[in-house]
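Q: Okay, sequence plus prediction incoming.
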Amino acid sequence: MRGVAPPWGKFLQRYPSLLLFLVLVLGGGLLIGYATLPGAWYASLAKPPFNPPNWVFAPAWTLLYVLIAVAGWRTWQREPAGVAMKIWGAQLVLNFLWSPTFFGAKMMAPALVVILLLLAAIALFIASAWNRDRLAALLFVPYAAWVAFATVLNASLLLLN
């Protein structure tokens, strides 16, 4: 049928800035993840018993990146130059820095510093967005939980190796 747009077409026409956030966050995160795949070095590390199987990471991060993008988009719509948006940007930089530090450079101690700063930035974002956009803040809660777990995992790997 000619003239019938796909259902996502209207969505993208209405929310082009959301698409940009999704491309930035999801695209950037997946690109960095692909460029810094764990590989043989990570496989050779002694791991704690709570280390998840490798297949868990890609779906978990894909979902988290979508939540991060939506929270950033909502924040940008309210206050593009506000404190919450600046914190959101800082956490994204730290997020994108962790994999190259840990997997790329194989530097677990500096990666632990990066992830601790990331966890602090996530908490600051939640606190700063809480009264202005509760949904944006809540979208970061699973992210905070995952990064807290990843922080413990990073610290455990550092101690075991």
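A: Looks like it arrived, so ask away.

Q: in the strand or helix carrying residue 146, what counts as buried?
A: If you go by DSSP states H and E, residue 146 is part of helix 141-160. Burial within helix 141-160, assessed by neighbour count using 16 or more other CB atoms under 10 Å, is assigned to 143-144, 146-147, 150-151, 153-157. Any C-beta I mention is one placed from the backbone N, CA and C, and that applies to glycine too.

Q: pLDDT of it, averaged?
A: Per-residue pLDDT values over helix 141-160 give a mean of 98.

Q: Show me what that helix packs onto, helices and strands only.
A: Counting contacts by 3 or more CB pairs under 8 Å, 6 or more residues apart in numbering; DSSP states H and E, helix 141-160 packs against helix 57-78, helix 108-129.

Q: out of those, which comes closest to residue 48?
A: helix 108-129 (13.1 Å; CB to CB).

Q: Run the chain-centre distance for that closest one.
A: For helix 108-129, the separation from the chain centroid amounts to 11 Å (computed by CA atoms, centre = their mean, to the nearest Å).

Q: and that helix, what does it pack onto?
A: helix 57-78, helix 83-99, helix 134-139, helix 141-160.

Q: Show residues contacting the third one.
A: By CB atoms under 8 Å, 6 or more residues apart in numbering, the surrounding residues in contact with helix 134-139 are 67-68, 70-71, 74-75, 84, 125-127, 129-130.

Q: Alpha carbons of it, as CSV, please.
A: Output of helix 134-139 as CSV, limited to C-alpha atoms (Å, rounded to 0.1, in the frame of the first residue of the first chain):
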residue,chain,number,x,y,z
ARG,A,134,11.2,11.6,38.4
LEU,A,135,11.0,9.3,35.4
ALA,A,136,14.4,10.3,34.1
ALA,A,137,15.8,9.7,37.6
LEU,A,138,14.1,6.3,37.9
LEU,A,139,15.4,5.2,34.5
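
Q: okay, which residue is most central for this protein?
A: residue 65 (4.9 Å; CA atoms, centre = their mean).

Q: Correct me if wrong: that one contacts residue 26.
A: Yes. Assessed by CB atoms under 8 Å, residue 65 is found in contact with residue 26 at 4.4 Å.

Q: Residue 127: neighbouring residues, count only.
A: 12 (other CB atoms under 10 Å).

Q: Just put the buried residues of helix 141-160 in a markdown table and tack on distance to residue 89.
A: As requested, the buried residues of helix 141-160 are exported to a markdown table (distance: CB to CB, whole Å):
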| residue | distance to residue 89 |
| --- | --- |
| 143 | 15 |
| 144 | 17 |
| 146 | 20 |
| 147 | 16 |
| 150 | 20 |
| 151 | 21 |
| 153 | 25 |
| 154 | 23 |
| 155 | 26 |
| 156 | 29 |
| 157 | 28 |
